[in-house]
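A.B. asks: Can you look at this prediction? I've put the sequence above it.
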Amino acid sequence: MSQDEQRGRDLTQAFYRGLTQPRLSRQNFLRGSGAALMAALAPQIARAEKVTDWKAWWAKQKPTKNFVFANWPLYIDVSSNGKDHPTIDAFTKQTGIKVTYQEVIQDDPSFYAKIAPVLKSGQSTGYDMMVITDGWYLTELLMQNFLVPIWREKVPNFDKYAGPSVKNPSFDPGNKHTMVWQSGLTGIGYNPKLTKREINSIEDLWDPAFAGHVGMFSDVTELGPFGMMKLGINPTTSTPADWEKAAVVLKEQKAKGLVRQYYEQSYINALQNGDTWISMAWSGDIYQANSKGYKDLKFVVPKEGCSIWHDNMCIPVGAKNPLSALAWMNYYYTPKVAGLVEDYVNYICPVPAAKDYILNVIKDPAVANSPLVFPPESELARAHEFYSFKSYAQYQQFLNIFNPIVQS
């Protein structure tokens, strides 16, 4: 692939993925439809009937030659004709399993609203595997016993190739129900030509020198952890008292006129045009901005840490082809397949060894050598997962603490 072809592909991908960013799913349940949706659903959902012996359940399952995979748009490799998915075609050729790949997940709230009543009724969603972002909706699926525990012996490649950052997540200890599809970091993006110095700390978001040119996220599940990390609090293990402390410093930041705006996806435009000099940022966006020619922008994992989000493969209760789903998970967790997907998607790959495949076989050093796609383990070690809420009431308590900051 020539450099011009590569840049053209990157521009197209970046534009369309900008409209369907997986991480935007968190923003949708902060205000309006998302929060109202959960308020409406929470009292109605009854816990699904528990299977007491999942080992016996799995033993009864018969191999099939079908697999229905629900995913986000533009979240898997695509051939040059724009129609085929090479990794899917290779999977079918290797296993004989026909894949029905459906790009039906635009955001977690609306997708959850679609499948929750079906799962509640004990019926099949029609999907054998789906990709859900860590956060309240994944927690709800787990709490309601709507996900099938993974038969780990059938997915040995996960233990062999998965990186440390995707093993044993706080929201699903032991990866009992989920395996990461892609990840991303929430850190700091900045333009050193405007900040006049390098940035390495969350404290820099509170620097009076940048007053009026600081961008913060309007998604309070992202915003809150930055206030906590500024205070040396680990968001993953935080308490309501910690949330209150973080809200205080975030309110002070706002009161001092440091924040230009609380942004959704438009934060990247503000960085690119110089409205903001420094901002909370997603690693994938800075990578894509660089691909479009905005070489002045940098991304940094601050010394206090950053947030990491995961989009996760999981099997819904009632799946008709669960063994096929396991076959896909095992197939995906290899350097070759993860590398092929990663070379197109450009988020953070869950298989570190895919880097060598991209570099030496695909021969795409721009992706392989990017610290935004394959961050050093030293940076991933400073990444904190989001707090896993224990109930809807606790989740609402979190929103009540932080929402006034962005809404007033």
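C.D. replies: All right, it came through fine.

A.B. asks: Please enumerate the strands of this structure.
C.D. replies: Secondary structure of the chain (DSSP state E): strands located at 66-70, 98-102, 129-133, 179-190, 214-217, 259-263, 278-282, 298-300, 306-314, 383-385.

A.B. asks: Mind putting the ones you listed into CSV with mean neighbour count and mean pLDDT?
C.D. replies: Where C-beta positions appear, they are placed from N, C-alpha and C, glycine not excepted. Output for these, formatted as CSV (neighbours: other C-beta atoms under 10 Å; pLDDT from 0 to 100):
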stretch, mean neighbour count, mean pLDDT
strand 66-70, 21, 97
strand 98-102, 15, 97
strand 129-133, 25, 97
strand 179-190, 26, 96
strand 214-217, 25, 97
strand 259-263, 21, 96
strand 278-282, 26, 96
strand 298-300, 21, 94
strand 306-314, 25, 96
strand 383-385, 20, 95
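
A.B. asks: between those strands, which gets nearest to residue 199?
C.D. replies: Minimum separation from residue 199 across those (C-beta to C-beta) falls at strand 179-190, 4.8 Å.

A.B. asks: roughly how far out does the closest one sit from the chain middle?
C.D. replies: Here strand 179-190 is found 7 Å from its chain centre; the criterion is C-alpha atoms, centre = their mean, to the nearest Å.

A.B. asks: Next: stretch 263-281.
C.D. replies: Counting by C-alpha atoms, centre = their mean, stretch 263-281 is centred 20 Å from the centre of its parent chain.

A.B. asks: List the buried residues for it?
C.D. replies: By neighbour count with 16 or more other C-beta atoms under 10 Å, stretch 263-281 contains the buried residues 263, 267-268, 270-272, 275-281.

A.B. asks: Return it as PDB; C-alpha atoms alone will do.
C.D. replies: Output of stretch 263-281 as PDB, limited to C-alpha atoms (Å, rounded to 0.1, in the frame of the first residue of the first chain):
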ATOM      1  CA  TYR A 263     -16.900  18.700  25.200                       C
ATOM      2  CA  GLU A 264     -18.300  15.600  23.600                       C
ATOM      3  CA  GLN A 265     -16.600  14.400  20.400                       C
ATOM      4  CA  SER A 266     -16.100  18.000  19.300                       C
ATOM      5  CA  TYR A 267     -13.100  18.400  21.700                       C
ATOM      6  CA  ILE A 268     -10.800  17.100  18.900                       C
ATOM      7  CA  ASN A 269     -11.900  20.000  16.600                       C
ATOM      8  CA  ALA A 270     -11.200  22.500  19.400                       C
ATOM      9  CA  LEU A 271      -7.700  21.100  19.800                       C
ATOM     10  CA  GLN A 272      -7.100  21.100  16.100                       C
ATOM     11  CA  ASN A 273      -8.200  24.700  15.500                       C
ATOM     12  CA  GLY A 274      -6.400  26.100  18.700                       C
ATOM     13  CA  ASP A 275      -9.500  26.900  20.700                       C
ATOM     14  CA  THR A 276      -8.000  24.700  23.400                       C
ATOM     15  CA  TRP A 277      -4.400  24.100  23.900                       C
ATOM     16  CA  ILE A 278      -4.700  21.200  26.300                       C
ATOM     17  CA  SER A 279      -7.600  18.800  26.800                       C
ATOM     18  CA  MET A 280      -8.800  15.500  28.100                       C
ATOM     19  CA  ALA A 281      -8.400  13.300  25.000                       C
END
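
A.B. asks: What lies in contact with that stretch?
C.D. replies: With C-beta atoms under 8 Å, 6 or more residues apart in numbering as the test, stretch 263-281 has contacts from 18, 21, 24, 27, 186-191, 194-195, 199, 204-205, 210, 213-219, 222-223, 226, 260-261, 285-286, 289, 294, 297, 299.

A.B. asks: From residue 327, how far off is the closest residue in space to residue 101 that isn't next to it in sequence?
C.D. replies: Excluding the flanking residues, the one nearest residue 101 by C-beta to C-beta, 6 or more residues apart in numbering is residue 69, at 5.0 Å. Shown here: residue 69 relative to residue 327, a distance of 11 Å by C-beta to C-beta, to the nearest Å.

A.B. asks: same question, residue 70
C.D. replies: For residue 70, the distance to residue 327 (C-beta to C-beta) stands at 17 Å.

A.B. asks: rewinding a little: please name whichever of the strands of the chain is nearest to residue 375.
C.D. replies: For residue 375, the closest of the strands of the chain is strand 179-190, at 6.7 Å, according to C-beta to C-beta.

A.B. asks: check contacts around residue 127.
C.D. replies: Going by C-beta under 8 Å, 6+ apart, residue 127 touches 68, 69, 70, 102, 115, 316, 319.

A.B. asks: any chance you could read off phi and psi for the last one?
C.D. replies: So the one you mean is residue 319. phi -60, psi 130 (degrees, to the nearest 10).

A.B. asks: list the contacts for the nearest residue to it once chain neighbours are set aside?
C.D. replies: Computed as C-beta to C-beta, 6+ apart, the closest residue to residue 319 that is not its neighbour in sequence is residue 128, at 4.4 Å. Neighbouring residues of residue 128 by C-beta under 8 Å, 6+ apart: 66, 67, 68, 69, 315, 316, 319, 320, 321, 322, 324, 325.
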